Structures are given as structure tokens and as C-alpha cells.
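Here's my sequence, what's the structure:
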Amino acid sequence: MAEVVIVSTPADAGSVVADEIARLIFTNPDTVLGLATGSTPVPVYEALRSRLAGVDVSRVRGFALDEYVGIEPGHPESYRAVIHREVVEPLGFNPDLVRVPDGSLAGIEHAGADYEAAIAAAGGVDLQILGIGTDGHIGFNEPGSSFASLTRVKTLTEQTRSDNARFFDTIDDVPRHCITQGLGTILRARHLVLLAFGAGKAEAVAAAIEGPLTAWLPASAIQLHPHVTVVVDEAAASTLKGADYYRYALANKPEWQGL
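So this is what the prediction gives:
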């Protein structure tokens with residue numbers, strides 16, 4: 001069962017998760033992070049700036065969840081550019097140690113296998129940050145994705161393209177294909193941290209945590225993982241049947257357990 005942490009604001013969520021990531025890095029300078037993009041993880045990255053100020057993070061490694069296929073690496077909305085802009089540069093990570101799936105058309109046939117090999121060579125991901133789409137996708141694993149899936153090319157749904165159109169001039173500029181870590185890849189991380197904010201995510205969050213395990217709600221795959229933390233604001237938690245229990249369990253959690 002996932003641990004559910006209900007907070008007042010996205011900034012509070014960012015603080016909770018940043019504290020855990022900082023603890024990991026203090027304990028292990030070779031920490032491997034799984035990095036999500038989009039607006040959801042931004043409070044985490046912002047909070048990390050103060051936590052990691054003056055800390056040697058030169059050995060921290062990172063693996064982004066996904067990338068658009070066919071987008072120019074220098075495009076401001078390529079996830080390579082986003083990760084560099086929002087994570088690598090402000091936190092002082094070594095850019096050579098932070099990887100993004102290769103979405104270039106040349107070599108796309110083996111790009112997924114190459115990324116899987118790189119993650120394995122790094123020793124696996126210690127903490128994977130996740131967002132969740134309104135249709136329950138994590139990464140770019142759209143509804144119907146196999147729980148055993150690995151990094152691969154996927155076709156984006158029109159809903160996902162519509163959700164992401166706010167980052168582009170028009171929806172026609174949103175790529176139709178992506179390369180994404182699979183659900184099986186994500187489940188290999190040692191700790192999953194899923195964040196969600198706003199009433200628009202409430203149904204997907206409730207279905208992922210409390211609903212049936214189904215490929216049509218990809219985020220429900222987190223139920224298969226032994227160490228999952230879900231951090232949500234009050235609006236995103238508004239349809240959780242077990243909200244009172246989650247608050248009670250957190251208030252009475254042994255301090256030694258950590259996040």
C-alpha cells in the first residue's frame with residue numbers, strides 16, 4: 001500500500017520530497033535520481049536549490065522519464081532542454097551524468113534498449129519522481145501500457161497532446177510520438193514518489209491508489225511496488241476514500257521510517 005502524504009500546497013509537497021532527496025544525496029553522493037518533467041515536479045526542484053546549496057553534487061546521476069520523438073534537442077520544450085533548465089543548471093548537477101532518452105529519428109530503433117542499458121549500468125534508480133496525467137498515465141505510458149513494458153517509443157493520445165499544448169504555440173506543434181521509460185522500468189526504481197496537485201488530478205489519483213490494478217490506468221502499477229510515497233495537495237486528495245486513515249497513519253508513523 002502506498003504511503004499517502006496530504007499537504008496544503010504544492011510548495012509544501014516540494015519541501016517534503018526535497019528533504020528526502022537531500023537526505024539521500026548526503027548519505028550517498030552517487031545517488032541516482034529518476035527525473036520527471038512538466039509543471040508537477042517544479043516545486044521539488046525549487047525546494048532543492050536551498051537544500052543542496054554548497055553541497056557537492058558532482059557525482060549525482062539522473063535519468064529523465066521521457067522525451068518527444070523528432071523534436072530538436074535545442075527546442076525549449078524538449079525534455080532535454082527542460083531538464084537542463086530546471087534541474088541540472090540550478091542544482092549544479094554534472095550535465096554529463098544526467099541523461100534523457102534519445103528522441104532523435106536516427107537510431108530510434110535501438111534508443112530504448114540503449115537507455116535501459118544505461119540505467120542498469122548506473123546501478124538502477126534510487127528515487128523516481130513521478131507525475132500523473134488526467135487519464136492516469138505516468139511517464140508517457142498511455143492507457144493500455146503493459147506493466148512489464150520497458151523504455152520504448154509510444155504514440156501519444158490526443159488527450160495527452162491537448163494537456164501538453166500549453167507548452168507549445170499550438171496543439172499542432174505537440175509531437176505525436178515519444179520515447180518513454182516503461183512501467184516495468186519505473187517499477188525497478190527503489191523508491192517511487194508520485195506527486196499530484198489540483199482537483200483535475202483527483203480522480204486519477206484515487207484510481208491509482210485505491211482502484212483496481214489495470215493497464216487502462218497505468219499509474220495503478222504503483223500498487224505493485226513495495227516502497228511508494230504519494231504526495232498530494234488537498235484538492236488532489238479530495239476523492240480519496242481513505243484520506244482520514246492516511247492522515248492518521250502519517251501522524252503516527254515511527255520517525256525512523258523516513259519518507
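
right, and the helix or strand after the lengthiest helix in the chain?
Assignment by DSSP state H gives helix 10-27 as the longest helix of the chain. The C-terminal neighbour of helix 10-27 among helices and strands, as given by DSSP states H and E, is strand 32-35.

Dump that following strand to CSV, restricted to CA.
Presented in CSV, the C-alpha positions along strand 32-35 are these (Å, rounded to 0.1, in the frame of the first residue of the first chain):
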residue,chain,number,x,y,z
VAL,A,32,20.7,8.1,-9.0
LEU,A,33,17.5,10.1,-9.4
GLY,A,34,14.6,9.5,-11.8
LEU,A,35,13.6,12.9,-13.1
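
buried set for the helix or strand following that strand?
Using DSSP H and E, the helix or strand that follows strand 32-35 in sequence is helix 42-51. Residues of helix 42-51 classed as buried: Val42, Pro43, Val44, Tyr45, Glu46, Ala47, Leu48, Arg51 (neighbour count, 16 or more other CB atoms under 10 Å). For glycine as for every other residue, the C-beta is placed from the backbone atoms N, C-alpha and C.

and whatever helix or strand comes next after helix 42-51, which strands flank it?
Sequence order places strand 61-64 as the next helix or strand after helix 42-51, per DSSP H and E. Using DSSP bridges, the strands paired with strand 61-64 are strand 32-35 (parallel), strand 98-99 (parallel).

CA atoms only for strand 61-64, dumped as CSV, please.
Extracted in CSV, the C-alpha atoms of strand 61-64 (Å, rounded to 0.1, in the frame of the first residue of the first chain):
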residue,chain,number,x,y,z
ARG,A,61,23.3,10.9,-11.7
GLY,A,62,19.9,11.4,-13.2
PHE,A,63,17.6,9.7,-15.8
ALA,A,64,14.7,11.6,-17.3
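
Can you tell me what sits against the helix or strand following it?
Using DSSP H and E, the next helix or strand after strand 61-64 towards the C-terminus is strand 66-68. Identification of contacts with strand 66-68 by CB atoms under 8 Å, 6 or more residues apart in numbering yields 37, 77-80, 100-103, 139-140, 175, 177-181.

Filter those residues down to just the ones in strands.
His177, Cys178, Ile179, Thr180 (DSSP state E).

Mind putting the residues you listed into JSON lines with distance to Ser145?
Listed next are those as JSON lines, based on distance: CB to CB, whole Å:
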{"residue": "His177", "distance to Ser145": "14"}
{"residue": "Cys178", "distance to Ser145": "12"}
{"residue": "Ile179", "distance to Ser145": "13"}
{"residue": "Thr180", "distance to Ser145": "9"}
